[in-house]
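*Asks:* Take this sequence and fold it.
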Amino acid sequence: MAHRIVGSGQLITPLITGLLAAGGYSAVPVRKTPTVGIVGTGDEIIKPGTPLKEGQLYASNIVTLAGWCKKHAMPSRMTTVKDDYNALYDTLKALSEETDALITSGGAWMGDRDFVAQALDELGWQKMFHRIRMGPGKAVGFGMLGNKPVFVLAGGPPSNLMGFLQIALPGLQALCGHAEPKLPTLTARLARDIKDGKKDWSDCYYGKLEAGSDLPLFHPMKKRIRLAGITKATAVVCIPEGKERLLAGSVIAVQRIP
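*Replies:* You can find the predicted model right below:
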């Protein structure tokens with residue numbers, strides 16, 4: 001009787017490669033790893049390595065996103081573009097033709113210089129959604145440009161990363177063929193109360209995990225607007241829409257940031 005060694009959507013680890021070899025296989029069909037185009041928008045952002053001028057900041061978001069892509073074996077191409085509609089349109093058009101998926105960072109809300117959605121509309125994307133009831137990260141969007149997925153992320157680092165972890169990363173994992181595209185989850189115990197959940201959206205918290213007597217302890221972090229405030233986060237917990245608090249000692253589902 002034949003036995004299946006590996007199934008569709010299963011990650012091929014070094015041990016699995018050995019098992020395949022033991023079964024006599026020298027090659028198996030796999031999903032293509034997508035190349036991801038990452039576009040940072042804003043007059044104020046510049047590439048790292050260039051001297052800063054007054055009012056400028058380095059494009060840390062796109063470097064962070066590229067790091068996540070590399071961690072998941074997805075090559076990426078980064079670029080920045082000013083708050084200029086024509087330049088953004090041309091950049092998105094060119095990069096969409098050269099990559100398998102797009103991520104935009106910044107320009108995602110409804111301000112006078114937020115041109116991302118407008119440019120994508122003119123390019124003819126099929127918008128699935130734009131702006132959702134999740135904080136941080138409410139400005140996140142998703143659609144298809146031709147046959148390629150496009151993920152729209154906010155510019156603020158905590159919102160940018162949360163939108164990536166909850167929406168863009170699972171989407172890219174699905175594109176790679178993962179059977180269960182999502183962050184790994186575990187059960188933990190809440191170390192302190194979270195009392196400022198929102199009735200009209202899911203409120204997500206970065207936090208740190210540490211060993212507990214029975215379950216890992218999740219320590220929620222204070223909300224910050226800068227990247228430095230979340231660099232030590234190892235997990236995320238979300239208060240569901242309509243629930244205003246979680247009490248210390250509660251047993252909760254936690255998403256681990258690997």
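
*Asks:* drop to CA atoms for contacts and neighbour counts, all remaining ones
*Replies:* Fine.

*Asks:* show me where pLDDT drops low in the chain?
*Replies:* Across the chain, the ranges flagged by pLDDT under 70 are 1-2, 197-198.

*Asks:* domains of it?
*Replies:* As assigned by automatic domain parsing, the chain contains the domains 36-176, 185-256.

*Asks:* now, of those, which is deepest in the fold?
*Replies:* Highest mean neighbour count of these: domain 36-176, a mean of 19 (counted as mean count of other C-alpha atoms under 10 Å).

*Asks:* Distance from that one to the middle of the chain?
*Replies:* Taking C-alpha atoms, centre = their mean, to the nearest Å, one finds domain 36-176 lying 10 Å from the centre of the chain it belongs to.

*Asks:* Straight-line length of stretch 170-183, end to end?
*Replies:* The first and final residues of stretch 170-183 sit 8 Å from each other (C-alpha to C-alpha, to the nearest Å).

*Asks:* which other residues reach that stretch?
*Replies:* Around stretch 170-183, the neighbours that count as contacts under C-alpha atoms under 8 Å, 6 or more residues apart in numbering are 8-11, 31-34, 101, 165-166, 169, 255-258.

*Asks:* just to revisit the earlier point, export the domains of the chain as CSV, with columns for distance to Gly23.
*Replies:* Output for the domains of the chain, formatted as CSV (distance: least, C-alpha to C-alpha, whole Å):
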stretch, distance to Gly23
domain 36-176, 24
domain 185-256, 32
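
*Asks:* Could I get the contacting residues of the residue lying closest to Ser60 once chain neighbours are set aside?
*Replies:* Nearest non-adjacent residue to Ser60, counting by C-alpha to C-alpha, 6 or more residues apart in numbering: Pro48, 7.8 Å away. For Pro48, the contacting residues are Tyr58, Ala59, Ser60, by C-alpha under 8 Å, 6+ apart.

*Asks:* Can I get those in TSV including secondary structure and distance to Gly207?
*Replies:* Compiled in TSV, these are given as follows (DSSP: H, G, I helix; E, B strand; the rest coil; distance: C-alpha to C-alpha, whole Å):
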residue	secondary structure	distance to Gly207
Tyr58	strand	25
Ala59	coil	24
Ser60	helix	21
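
*Asks:* what's near enough to touch the residue nearest to Thr99 when sequence neighbours are not counted?
*Replies:* Nearest residue to Thr99, sequence neighbours excluded (C-alpha to C-alpha, 6+ apart): Thr35, at 5.3 Å. By C-alpha under 8 Å, 6+ apart, the residues touching Thr35 are Met74, Pro75, Ser76, Arg77, Thr99, Asp100, Ala101.

*Asks:* For the fifth one, give its distance to Gly67.
*Replies:* Using C-alpha to C-alpha, one gets 17 Å for the distance from Thr99 to Gly67.

*Asks:* just the third one next, same as before
*Replies:* Computed with C-alpha to C-alpha, the distance linking Ser76 and Gly67 is 9 Å.

*Asks:* Please enumerate the helices of the stretch 151-258 of the chain.
*Replies:* For the stretch 151-258 of the chain, helices defined by DSSP state H, counting those that start in this stretch occupy the ranges 157-163, 169-176.

*Asks:* Could you point out which of the contacts of Thr35 is nearest to His130?
*Replies:* Nearest to His130 out of the contacts of Thr35 is Ala101 (C-alpha to C-alpha; 16.9 Å).

*Asks:* which residues does the closest one contact?
*Replies:* Ala101 neighbours (C-alpha under 8 Å, 6+ apart): Pro34, Thr35, Val36, Gly37, Lys148, Pro149, Val150, Leu172.

*Asks:* ok, now with 10 Å
*Replies:* Neighbouring residues of Ala101 by C-alpha atoms under 10 Å, 6 or more residues apart in numbering: 34-38, 76, 95, 144-145, 147-151, 168, 171-172, 175.
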